[in-house]
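1. Generate a structure from the sequence data that follows.
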Amino acid sequence: MAEQKTKPSDKSVIDFINTFADTEQKKQDSFKLIELMQKVSGEPAKMWGASIIGFGWYHYKYASGHEGDAAIIGFSPRKAAISLYVFSGLKEHEYLLKDLGKFKMGKVCIYIKKLSDINEKALINLFKESIKYIAEHHECGCHAARGK
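-> Numbers count the residues shown, from 1 in each chain. So this is what the prediction gives:
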């Protein structure tokens, strides 16, 4: 089995944001996202791979046998947009996106240009529901999901 590429590391999240985020707005939005995600998840920010900031972890296993660990919620301040890894992608969870604001959808993430385009209450609800879903369906290492 191939080794998982995106895994947690001890690299500095602060250094990453200060060197990777290409605008002052993305830096500010990144620090605000860290604050929000830490508060909701109860987990510290941790680098996952070269460019994802994640909170908590869960273990997944597909029917194909492929398995690994991933951050429960996370983001990356990429050049084109901030990628949010906070959505299950399931049809029954689409209602969570209704009041979110201005965004685009990818296969596994939500893309936003700036945090001010997003309804913070709807975003926090999306974080909470994503954590809840993962805790119910996967082996989960997240304080918020365990009720702590």
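
2. which non-adjacent residue is nearest Ser130?
-> Leaving out its chain neighbours, the residue that sits closest to Ser130 by C-beta to C-beta, 6 or more residues apart in numbering is Val86, at 5.1 Å. No exception for glycine: its C-beta is placed from N, CA and C like everyone else's.

3. Could I get the contacting residues of the one you found?
-> Contact analysis of Val86 by C-beta atoms under 8 Å, 6 or more residues apart in numbering lists 73-75, 109-110, 123, 126-127, 130.

4. 7 Å instead?
-> The neighbours of Val86, taking C-beta atoms under 7 Å, 6 or more residues apart in numbering as the test, are 73, 110, 126-127, 130.

5. Tell me the strands beside the lowest-mean-pLDDT helix or strand in the chain, with direction?
-> Of all helical and strand segments in the chain, the minimum by mean pLDDT, DSSP states H and E falls on strand 139-140, at a mean of 74. Using DSSP bridges, strand 139-140 pairs in its sheet with strand 58-61 (antiparallel).
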